[in-house]
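Generate a structure from the sequence data that follows.
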Amino acid sequence: MFPRALVYPGERFKVDYKPILPPLPEDFKELSVEEQAIIKEHHWEVAVQSYHMAGIRQDPRHVTRRFHPYAPLFIEPILVAPDTWEDGIHTLKCSLVVIQLNWDLLNNRGVPCPLRFSPEEITLALEDARRWQSYDDRVESLFRELELGPDGTVDRVEKFELVKKKSDGLRAKWDVGAAGGPYPLQDGGRSLVV
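Numbering: from 1, shown residues only. I've put the predicted structure just below:
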């Protein structure tokens, strides 16, 4: 998967996938300051994508990450490991369970799987992941209803008091048991009720 932040969406320049900058238009110096600024921005975006792709092609580890059919299975634990500090270990454990369950797809050399989750542990890990996803869906729904940013921010200072008042009303109705966790916009934040 290519990082969206590095994708050049424009048509002004051709992405060459070589570590070189594409040439600026011949009439660049005759353009208005505003047009030059737009072209420079596009020029930078296409350069970033080209350099990134050139790096991917030169490092086989990136090629594996991008094109291996089962990359999501073995990349997932790496991606979720940092989240364990805030969200708990259940997501990491679930991704490791998925690796154990799919070990034959990932390993064609007959090496035994180093993970040894019992059937009971697998059931509990998958149930925890389902509960966390349900709680996470409720939190995302709340954020949408309050029109918050992904980190719980309000986009305009003028809206803060209105959003806070609405949040206080929603917090009073929040059912911890049904939601699967505490109201997320308070001290203690998000955590799964076990």
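
mind checking which helix or strand the most centrally placed residue in the chain is in?
With distances taken as CA atoms, centre = their mean, the residue of the chain nearest its centroid is Leu79 (8.5 Å). Taking DSSP states H and E as the criterion, Leu79 maps to helix 71-80.

What are the buried residues along whichever helix or strand comes after that helix?
Next helix or strand after helix 71-80 toward the C-terminus (DSSP H and E): helix 84-87. For helix 84-87, a neighbour-count test (16 or more other CB atoms under 10 Å) marks Asp87 as buried. No exception for glycine: its C-beta is placed from N, CA and C like everyone else's.

Stretch 30-37 now?
Of the residues in stretch 30-37, those buried by neighbour count under the rule 16+ other CB under 10 Å are Gln36.

Pull the residues that contact it.
By CB atoms under 8 Å, 6 or more residues apart in numbering, the list of residues contacting stretch 30-37 from outside reads 25, 28, 39.

How about stretch 153-162?
Applying CB under 8 Å, 6+ apart, the contact partners of stretch 153-162 are 147-149, 163.

what does the average pLDDT come to for it?
The average pLDDT within stretch 153-162 is 85.

for stretch 71-90, same thing?
For stretch 71-90, the per-residue pLDDT averages 80.

Need the worst-confidence member of the contacts of stretch 153-162.
Minimum pLDDT for the contacts of stretch 153-162 is recorded at Gly149 (80).

burial measure for the residue nearest to that one when sequence neighbours are not counted, as a count.
Nearest residue to Gly149, sequence neighbours excluded (CB to CB, 6 or more residues apart in numbering): Asp155, at 6.5 Å. If you count neighbours by other CB atoms under 10 Å, Asp155 ends up with 11.

and if you look at Leu92?
By other CB under 10 Å, the residues close to Leu92 number 20.

Same check on Trp44?
Using other CB under 10 Å, the number of residues around Trp44 comes to 12.

Could you export the contacts of stretch 30-37 as TSV, including pLDDT and secondary structure?
Converted to TSV, the contacts of stretch 30-37 look like this (pLDDT from 0 to 100; DSSP: H, G, I helix; E, B strand; the rest coil):
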residue	pLDDT	secondary structure
Pro25	83	coil
Phe28	86	helix
Ile39	84	helix
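
on that earlier part again, for Asp87, see how far away the residue nearest to the centre of the chain is.
Distance, Leu79 to Asp87, using CB to CB, to the nearest Å: 12 Å.

ok, now Ser118?
In this structure, Ser118 and Asp87 are 24 Å apart, going by CB to CB.
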